[in-house]
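# What would the 3D arrangement of this be:
(chains A and B)
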Amino acid sequence: QVQLVESGGGVVQPGGSLRFSCAASGFSFSNFGMHWVRQAPGKGLEWVAFIRYDGSNKYYGDSVKGRFAISRDNSKNTLYLQMNSLRPEDTAVYYCAKSSGTTVYYYMDVWGKGTTVTVSS
Amino acid sequence: QSALTQPASVSGSPGQSITISCTGTSSDVGGYNSVSWYQQHPGKAPKLIIYDVSIRPSGVSSRFSGSKSGNTASLTISGLQGEDEADYYCSSYTSTPNWVFGGGTKLTVL
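Residues are numbered from 1 along each chain as shown, chains lettered A, B, ... in the order given. Just a heads-up that it's a prediction; the model follows:
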């Protein structure tokens, strides 16, 4: 059974940094791309980032480009999201989601339960 | 990248059918068949219900169907049931390349 478990959420001050992890199990992690998607309180879904199955290509949403970095460790079946220069508008539940394929073209088929970050002073 | 346009809310009575639209541009919905739909119940993670415009994943009820015409994709739910009450999001691959979601539609079963 495919399972994605996010961790690393918390409260951070504006301008601070945080790193999320997403532990994957139940599938061949190194064969699939991975996404991060976020949802601000009471708002809709916003795509954040994607990384190819081998880590060779990364793509970011405009609102996080230059501040967030997606990475993966296929030996540990783990996806990461490093978030720097955090802003109050980054407050959200962050979901990791498995891609149905190897490249950014493929849709998100399985989602984790999410981890929450609150950016506040 | 602008969000795809969905109605904020729709409603229907049990047994009825409803359709949720999702309008984009030729750079996303109109240009690719990588359109998917997600169902999200309060406090839960999104669940994939339609991918590649009209394909249902294994285990998803046949009451859910998808289609696309030009720059607009649609999700139809037939034989509405109480458990269908949820938020629904469309998403599309874009030419950037990246992904974009719709603003979400709240379905109320009357």
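
# The residue located most distally from the centre of chain B sits in which helix or strand?
No residue in chain B sits farther from the centre than residue B:96, which is 21.4 Å out by Cα atoms, centre = their mean. Under the criterion of DSSP states H and E, residue B:96 resides outside all helices and strands.

# same check, this time on residue A:53
Applying DSSP H and E, one finds residue A:53 in no helix or strand.

# which residues touch it?
A:30, A:31, A:32, A:33, A:99, A:102, A:103 (Cβ atoms under 8 Å, 6 or more residues apart in numbering or on different chains). For the C-beta atoms, the positions are set from N, CA and C on the backbone; glycine is no exception.

# hmm, which of the residues you listed are the buried ones?
A:32, A:33, A:99 (16 or more other Cβ atoms under 10 Å in any protein chain shown).

# And those, which is closest to chain B?
For the buried ones among the contacts of residue A:53, the residue nearest chain B by Cβ to the nearest Cβ is residue A:99; the value is 10.0 Å.

# So which residues of chain B form strands?
B:9-12, B:18-23, B:35-40, B:47-50, B:64-69, B:72-77, B:86-93, B:99-101, B:105-109 (DSSP state E).

# which stretch among those strands comes nearest residue A:111?
strand B:47-50 (7.3 Å; Cβ to Cβ).

# Check the offset of the closest one from the chain's centre.
Relative to its chain's centre, strand B:47-50 lies at 8 Å (Cα atoms, centre = their mean, to the nearest Å).

# what pairs with residue 12 across the strands?
If you meant another chain, say so; for now it's chain A. Here residue A:12 sits in beta bridges with residue A:119, going by DSSP bridges.

# my bad, chain B
The partner residues for residue B:12, given DSSP bridges, come to residue B:109.

# Quick check, it in contact with residue B:105.
No. At 12.0 Å, residue B:12 does not count as touching residue B:105 under the criterion of Cβ atoms under 8 Å.

# and those two? which has more neighbours close in?
Applying other Cβ atoms under 10 Å in any protein chain shown to residue B:12 and residue B:105 shows that residue B:105 carries more neighbours, namely 21 against 18.
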